[in-house]
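In: pasted the sequence and its predicted model underneath.
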Amino acid sequence: MLEIKHTLCPSCSVGCGINVVSYNGEVVGTNSYKRHPINEGKNCLNGRNSIDMYKNKLKNAKISNSDVDFEKAIDEVSNILKSNEPEKISVICSGNNSIEEVNKIKEFADSNGYNIGFYADNFVNIAGDVASYDEVENASNIILIGDILYENPLLGRKIVHAKDNGANVYSFVENASVTANISNEVCGSLDDVLDKIEDSSLVIYNHVESSDDLDKINDITVKNNSKLLAVFSKCNSKGTANIITPSSKEEMVDLLNNSDVLLVFRDDIKSEIDFDYGKIKNIISFTPCSNSTSDVSQIVIPISSWLENDGSFVNAMGLTQEFKAVIDSDDLSEIEVIEKIQDKL
Amino acid sequence: MTYVLAKSKNSEIHEAGECGGAVTSIFKYLLDENLVDGVLTLSPGDDIYDGVPTFIADSEDLISTAGSYHCAPTMFGDLIQKYLSDKKIAVAVKPCDMRSIDELIKRHKINPENIYTVGLNCGGTVSPITGRKMIDLFYEIDPDDVVSEEIDKGQFIVELKDGSKKGVKIHDLEQEGYGRRNNCQRCDIKIPRKANIACGNWGASEGWTFVEINDEKGEELIKGAQKAGLLETKSPSQDAIDARSKVEGIMIKLSKKTQDAIYDKVNAMEEWNRCIRCYACRDVCPICWCHENCEINKSYFDESQIPPKPIAFQGIRLSHMSFSCIDCGQCDDVCPMDIPVSLIFDKLQKKYSNRTGYIAGVSDDIKPPLYSPAKEEL
Ligand SMILES: Cc1cc2nc3c(=O)[nH]c(=O)nc-3n(C[C@H](O)[C@H](O)[C@H](O)COP(=O)(O)OP(=O)(O)OC[C@H]3O[C@@H](n4cnc5c(N)ncnc54)[C@H](O)[C@@H]3O)c2cc1C
Ligand code: SF4
Ligand code: SF4
Ligand code: SF4
Ligand code: SF4
């Protein structure tokens, strides 16, 4: 029958709520969750499309692109893990995992002596105080780095509110963008926009070119007694970063260079880190749907999507929010899959 | 036109119901007699500020749906059209829900034979988060301590666990940007007369629901529930009928005043400037049903430009459906950029209505005459 249930949006780190509509046990649509304090029922297109994950779910485990029996694939994974040196095995964690999953992944990597890598938009070593969304709405001077209004609209909305309340908004962004349209001034360089910082400003970014740029942003913000808000592209990067130290792009490449076996958990690392993935002997992806990394993986293990799980995410401002499964699942969860593999080692 | 006062004979329903529990009793009658596959109503999710659309197939589950959720600006028309069009259902409808159903019936997207519409009069809904902030600020009450809310005599009244009540004038709340949603402040259809019956507290004595019976199906609903021993009825006094009609008139006047004050103030071009082309306003609109085939997605329009050119984006929707805009405010509710979409569409509908007499979701015309004032407006 028709059912409408609450969950969280998994498509960026703003932390919006979303209602999912199911009919006879199948996910059929989304609906607005107006009681949710962060987004009040508003979701961007990415957020509403997040349920496509259900439609596109992998039906079978795969070895070398052919469908295989799930148990056979798990056996193959454990054989590979047993026949390689632990220091040549790397686990890639992701901000797409829930806190509970990250804990399990870390325990799995640590207890077996595997390396662990976690990439979070090249945001490493974030210093200073993190601004809350209320502080965004009440800020008087806001510095934007990246097209926040378009890419993280439900945080963008809070910036529009701040502007309505009289805030000055300066941005380093393309001229033809909605973020530019609501800015007092669009600056031509990172240095120019950082020049606009005054005491008690707010610096919000969703994109940085390099670790040096990030250091620059951090330094100036702290010096000016101002606050930062790093907006990650994934729903739980902030929560994951509390458990596993994020790596820079260069560190990730080093890790990949040093890996014979790569276990990728709910991530599409290939889309983010340029690397010759053909050099890695075995790539094993644990994912609900195929992506560019699973396309180059020797083994693909299907896991249930967030729609079928309970868990918690930590959003960009550091708020932990719990979510419940909106639908029953026949698939094993990521945690169950890890336990199954561990049992065989 | 027939008026009755109705009251549930089931004590549990009477207790849980907003007025006389008539609506819930009628739903129980329809389910118990197998006249419908299910009933579409609301039940509380996180708390009383969270009305979640719920499809009930077993009358045992109805009790949690009873009562009025004033902080639940939901919309049933699109849910029925998308997911329940092949089912026989009954549904509780505010005037905007009913008007959307009427427009969808005109478009052959809902079969009127399959649906019982139990109307609720409506003075307006409050957005849940706005409601909570407002109770904290103006009532100095922890919103979690509130067990129910009502709108009566121009006040938004909250009731606490200990039975005490506190009210603040809606006018005062709205002056400060709180209170009912902006479209509700303009909404001038307060009694859903296209529904089979229209139920409300206006004109009702304590513990009774005032029911206006609008058609034969409505008559059947009341008689059937009575026969099943679920409902008792009596005739309202002429004074009660007059009082109800007077409040309705006052409410409509207030809405017209708001319309007159606001329509000229909106600068559509400036508002569209923040549009991120997320399609939320279109996707939620109960009148826009041709999604896969929508002109906005046709390849002759450049889809990459953000913000989109208003003429090739909002302009298309304005010219395709603004004459049928029922001012339900769903588009405002979902717009990530807080663009007052409904105001712009409703303003055009009213212009159209002034010229043609067509009131969206209310007029009996088979289809609104095709005419598009949108381009001229843009
Ligand atoms: C937002 C709102 C404003 C109202 N304003 C007025 C008014 O100004 N004047 C007036 O005369 N009457 C008004 N009413 C109607 C009145 O409050 C009662 O709902 C009506 O008298 C029926 O009472 P009852 O005891 O028979 O209903 P009940 O037996 O309590 O059943 C009510 C039914 O309505 C459903 N419902 C509750 N909230 C909503 C909602 N937001 N949207 C859709 N369905 C809902 C419930 O799930 C339930 O099925 C309003 C109702 C609502 C929901
Ligand atoms: S802003 Fe981010 S969290 Fe919110 S709906 Fe969009 S993708 Fe989801
Ligand atoms: S638009 Fe009208 S009918 Fe709908 S909730 Fe608002 S006041 Fe009620
Ligand atoms: S345009 Fe907006 S207000 Fe008008 S019917 Fe559609 S959703 Fe409702
Ligand atoms: S909901 Fe708002 S931002 Fe999205 S397309 Fe509509 S007007 Fe534009």
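Out: In hand now; what should we look at? Ligands and ions are numbered 1, 2, ... in the order given.

In: how many other residues sit next to B:Ser363?
Out: By the measure other CB atoms under 10 Å in any protein chain shown, the count of residues near B:Ser363 is 15. Every C-beta, even on glycine, is put in place using the N, C-alpha and C of the backbone.

In: my error: substitute B:Ser324 in the last question.
Out: Neighbour tally, B:Ser324, other CB under 10 Å: 25.

In: list the contacts of it.
Out: B:Ser324 makes contact with B:103, B:287, B:349, B:360-361, B:368, according to CB atoms under 8 Å, 6 or more residues apart in numbering or on different chains.

In: from chain A, how far out is it?
Out: Going from B:Ser324 to chain A by CB to the nearest CB, to the nearest Å gives 21 Å.

In: and that residue, how close does it get to B:Cys285?
Out: For B:Ser324, the distance to B:Cys285 (CB to CB, to the nearest Å) stands at 10 Å.

In: before we move on, what about B:Gly179?
Out: Counting by CB to CB, the gap from B:Gly179 to B:Cys285 is 24 Å.

In: pretty sure A:Thr7 sits in a helix.
Out: No: under DSSP: H, G, I helix; E, B strand; the rest coil, A:Thr7 falls outside any helix and is assigned strand.

In: before we move on, what SS does the spatially most central residue of chain A have?
Out: Note on chain A: the residue nearest the mean C-alpha position is A:Lys234, at 1.8 Å, using CA atoms, centre = their mean. Under three-state DSSP, the three-state class of A:Lys234 is coil.

In: what's the closest non-adjacent residue to it?
Out: A:Gly95 (3.1 Å; CB to CB, 6 or more residues apart in numbering or on different chains).

In: residues contacting the strand or helix carrying A:Lys238, please?
Out: Assigned by DSSP states H and E, A:Lys238 belongs to helix A:237-241. With contact meaning CB under 8 Å, 6+ apart, helix A:237-241 is reached by A:13, A:93-95, A:97-99, A:102, A:118, A:120-121, A:123, A:126, A:230, A:232, A:246, A:312-316, A:318, A:320.

In: what pLDDT, on average, does it get?
Out: Over the span of helix A:237-241, the pLDDT mean works out to 95.

In: from the chain's centre, how far out does the helix or strand following that helix sit?
Out: Read in the C-terminal direction, the helix or strand following helix A:237-241 is helix A:249-257, with elements assigned using DSSP H and E. Relative to the centre of its chain, helix A:249-257 is centred 19 Å away, using CA atoms, centre = their mean, to the nearest Å.

In: residues near B:Ser237, how many?
Out: 12.

In: no no, B:Asn354
Out: So B:Asn354, with other CB under 10 Å, has 9 neighbours.

In: just B:Lys234 next, same as before
Out: Neighbours of B:Lys234 under the rule other CB under 10 Å: 11.

In: so what's it bridging to?
Out: As for beta bridges, B:Lys234 partners with B:Leu5 under DSSP bridges.

In: low-confidence bits of chain A, can you list those?
Out: A:125-128 (pLDDT under 70).

In: from chain B, how far out is whichever residue of chain A sits closest to ligand 2?
Out: Nearest residue of chain A to ligand 2, counting by CB to the nearest ligand atom: A:Gly47, 2.5 Å away. Computed as CB to the nearest CB, the A:Gly47 to chain B distance reads 9 Å.

In: okay, and that residue sits in which element?
Out: Counting by DSSP H and E, A:Gly47 is part of helix A:45-49.

In: helix or strand next in line after that helix, which one?
Out: helix A:52-55.

In: which helices and strands does the helix or strand just after that next one pack with?
Out: Of the helices and strands lying after helix A:52-55 in sequence (DSSP H and E), the nearest is strand A:61-63. Contacts defined by 3 or more CB pairs under 8 Å, 6 or more residues apart in numbering or on different chains; DSSP states H and E place strand A:61-63 against strand A:66-68, helix A:70-82, strand A:299-302.
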